[in-house]
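>>> Next input, structure requested:
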Amino acid sequence: MQSTMQDVPLLISRILTHGSTIHGKSQVTTWTGEGEPHRRSYAEIGARSAQLAHALREDLGVDGDERVATLMWNNAEHVEAYFAIPCMGAVLHTLNLRLPAEQLVWIVNHAADRVIIVNGSLLPLLAPLLPHLTTVEHVVVSGPGDRSVLEGVGPQVHEYEELIAAKPTTYEWPELDERQAAAMCYTSGTTGDPKGVVYSHRSIYLHSMQVNMAESMGLTDADTTLVVVPQFHVNAWGLPHATFMTGLNMLMPDRFLQPAPLAEMIERERPTHAAAVPTIWQGLLAEVTANPRDISCMKQVTIGGAACPPALMEAYDKLGVRLCHAWGMTETSPLGTMANPPAGLTVEEEWPYRITQGRFPAGVEARLVGPAGDILPWDGESAGELEVRGNWIAGAYYGGAAGEPMRPADKFSEDGWLKTGDVGVISPDGFLTLTDRAKDVIKSGGEWISSVDLENQLMAHPDIAEAAVVAVPDEKWGERPLATVVLRDGSTVGYEDLRAFLAERVAKWQVPERWTVIPAVPKTSVGKFDKKVLRKQYAAGELDVTQL
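Residues are numbered from 1 along each chain as shown. Okay, the predicted model is just below:
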């Protein structure tokens, strides 16, 4: 028996049309660093997206599913590209501006990008790469910046505003296959070459609906979200698309990502929601502690990309700001879980749920796999590698312009589940608690030690600003933890004091014998602790380690 329902494709163009008409008065506000922020309505974004699509097709010859890359900060023009490129049938490719030059070159060539739209302030980053980008024919520059660095580099250079100025403000968006590629991001390449993840119109549409669900972010047109998470980082966690579904206003920080300007824009623009990795919120906390500002307008902050130390949550609770843990990855679009506690609990009863990674939504199936390949129970105790599948979960990696999709055995199970590389437990009611990355867990004397747990406990100490724990070789136990700590200014705390502090909070056999103070924990391009750097520094004898 067939249904009697209409079969209307789930397309990003429908999100754009809805947002720019039904919610046409909602705004994208871009911080400028001086004077008034720049404000553009959703109706204007819709019109300018149409103009950009005309320019890309008619002037630059972008056709079919050709890739158009962006090397941009979070701003209104980047939002326009987010919609224009996939809505016209091309593929949006966001470039991570914090990646090493050689990785950016590899990624652009692998994706076969034809056009790069770039903010003027990033031209010094792009210009040296252009001679090595074999497929790029056009560079479109938006905003202030020294254009002279592009002289004689090869691709044609265009001014964004001049390119779109005379174009029609409407576009007959094609009726695409909803399973067609819409956007792509590359993983950060911590091991081997970066891997391309290609999102479909369907997956982005469904993911946007989940972002807006009450059990996820649950935001409406009465809210404003401060989108700190970069638009090159898993599509800014889906917020630019989700906002056009609900009319949620966006506050975009552009290049002003330091704690002081973030504090100023929060106090002036009064966003009710924000999204970023923990390091951003640690920096902001230090700023508002030293220079008090009222940031209590942010009733909810979505925090992900790395585990959030419970002490950070407690500090923000005291400021009237609630941090909500989320878990995801490039391959999951990224929303995998959100830590909204069940209803009807007291503040004390909510806490054990808040410090988990969160509960799985209906669109994400999960299972835990033990070392022997057995499926483990959801009992809150059995730890295994997390595997997921669902409507917005990757089933393969992009194989290159002429290649088939790649499904490496270390990333995908034989029956098609994504191997996340995260180790954890799941409670009977579906709350995920990650204990470590599979590559970071410390295997000591046949037992596992969670580096994340040790880090969280250390960062609860008042003299510790940051802490990262890595496994190092040990003749007796195979591996033991090395604690690398960043002390707060003026601190004179000793290693024995820190050991005693930890011994009250974890099993004594887990307490590290090896300690070192470092100026800052190395970070990846998306703000996660880069533990491979610490392991290399230890192996090379570059760390001043004290063994107790």
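
>>> pLDDT weak spots in this protein?
Scanning the chain with the threshold set as pLDDT under 70 gives 189-192, 446.

>>> Which phi and psi values does the residue nearest the centre of the chain adopt?
Geometric centre of the chain, nearest residue: H233, 4.2 Å, by CA atoms, centre = their mean. When read as degrees, to the nearest 10, the backbone of H233 gives phi -100, psi 90.

>>> Ok, the one 3 residues further on next?
Reported as degrees, to the nearest 10, the phi and psi values for A236 are phi 50, psi 40.

>>> That one - how many residues pack around it?
26 (other CB atoms under 10 Å). Quick note: C-beta positions are derived from backbone N, CA and C, even for glycine.

>>> Confirm for me that it is in contact with T225.
No. Judged on CB atoms under 8 Å, A236 makes no contact with T225 at a distance of 9.7 Å.

>>> Return every residue with contacts to both of those two.
Each of A275 lies in contact with both A236 and T225 under the rule CB atoms under 8 Å, 6 or more residues apart in numbering.

>>> how far out from the middle of the chain is stretch 511-526?
When distances are taken as CA atoms, centre = their mean, to the nearest Å, stretch 511-526 is centred 22 Å away from the chain's centroid.

>>> Tell me the buried residues in that stretch?
For stretch 511-526, burial by neighbour count (16 or more other CB atoms under 10 Å) applies to 511-516, 518, 521-526.

>>> Let me have these in TSV, extended by distance to E44 and secondary structure.
Conversion of the buried residues of stretch 511-526 to TSV gives the following (distance: CB to CB, whole Å; DSSP: H, G, I helix; E, B strand; the rest coil):
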residue	distance to E44	secondary structure
V511	58	coil
P512	55	coil
E513	61	coil
R514	57	strand
W515	55	strand
T516	53	strand
I518	47	coil
V521	41	coil
P522	41	coil
K523	36	strand
T524	35	coil
S525	32	coil
V526	30	coil
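
>>> From those, pick the one nearest R322.
Minimum distance to R322 across these is 23.2 Å, recorded for V526 (CB to CB).

>>> show me what contacts the residue nearest to the centre of the chain?
H233 makes contact with 96, 185, 305, 526, according to CB under 8 Å, 6+ apart.

>>> now the helices for the stretch 1-150 of the chain?
Assigned by DSSP state H, counting those that start in this stretch, the stretch 1-150 of the chain shows helices spanning 12-21, 42-54, 76-87, 101-111, 123-126.

>>> To Y538, which of those helices lies closest?
The stretch from those with the least distance to Y538 (CB to CB) is helix 101-111; that distance is 24.0 Å.

>>> Report the beta-bridge partners for the closest residue to V228 other than its chain neighbours.
Nearest non-adjacent residue to V228, counting by CB to CB, 6 or more residues apart in numbering: A276, 3.6 Å away. Under the criterion DSSP bridges, A276 forms beta bridges with I303.

>>> wait, what's in contact with A276?
Counting by CB under 8 Å, 6+ apart, the residues that A276 touches are 228-229, 301, 303, 305.

>>> measure the residue nearest to the centre of the chain to V227 for me?
According to CB to CB, to the nearest Å, H233 stands 10 Å off from V227.

>>> again, but for A81
Distance, A81 to V227, by CB to CB: 15 Å.

>>> R179 now?
According to CB to CB, R179 and V227 sit 27 Å apart.

>>> Pull the contacting residues for V388.
Contacts of V388 (CB under 8 Å, 6+ apart): 332, 336, 364-367, 417-418, 420.

>>> how about JSON lines for these, with distance to S121 added?
Formatted as JSON lines, these follow (distance: CB to CB, whole Å):
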{"residue": "T332", "distance to S121": "31"}
{"residue": "G336", "distance to S121": "33"}
{"residue": "V364", "distance to S121": "37"}
{"residue": "E365", "distance to S121": "42"}
{"residue": "A366", "distance to S121": "41"}
{"residue": "R367", "distance to S121": "45"}
{"residue": "W417", "distance to S121": "42"}
{"residue": "L418", "distance to S121": "36"}
{"residue": "T420", "distance to S121": "35"}
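
>>> Any chance of JSON lines for the residues you listed, columns secondary structure, neighbour count and distance to M217?
Compiled in JSON lines, the contacts of V388 are given as follows (DSSP: H, G, I helix; E, B strand; the rest coil; neighbours: other CB atoms under 10 Å; distance: CB to CB, whole Å):
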{"residue": "T332", "secondary structure": "helix", "neighbour count": "22", "distance to M217": "16"}
{"residue": "G336", "secondary structure": "strand", "neighbour count": "28", "distance to M217": "14"}
{"residue": "V364", "secondary structure": "strand", "neighbour count": "22", "distance to M217": "15"}
{"residue": "E365", "secondary structure": "strand", "neighbour count": "13", "distance to M217": "21"}
{"residue": "A366", "secondary structure": "strand", "neighbour count": "19", "distance to M217": "20"}
{"residue": "R367", "secondary structure": "strand", "neighbour count": "16", "distance to M217": "25"}
{"residue": "W417", "secondary structure": "coil", "neighbour count": "19", "distance to M217": "26"}
{"residue": "L418", "secondary structure": "strand", "neighbour count": "22", "distance to M217": "23"}
{"residue": "T420", "secondary structure": "strand", "neighbour count": "23", "distance to M217": "22"}
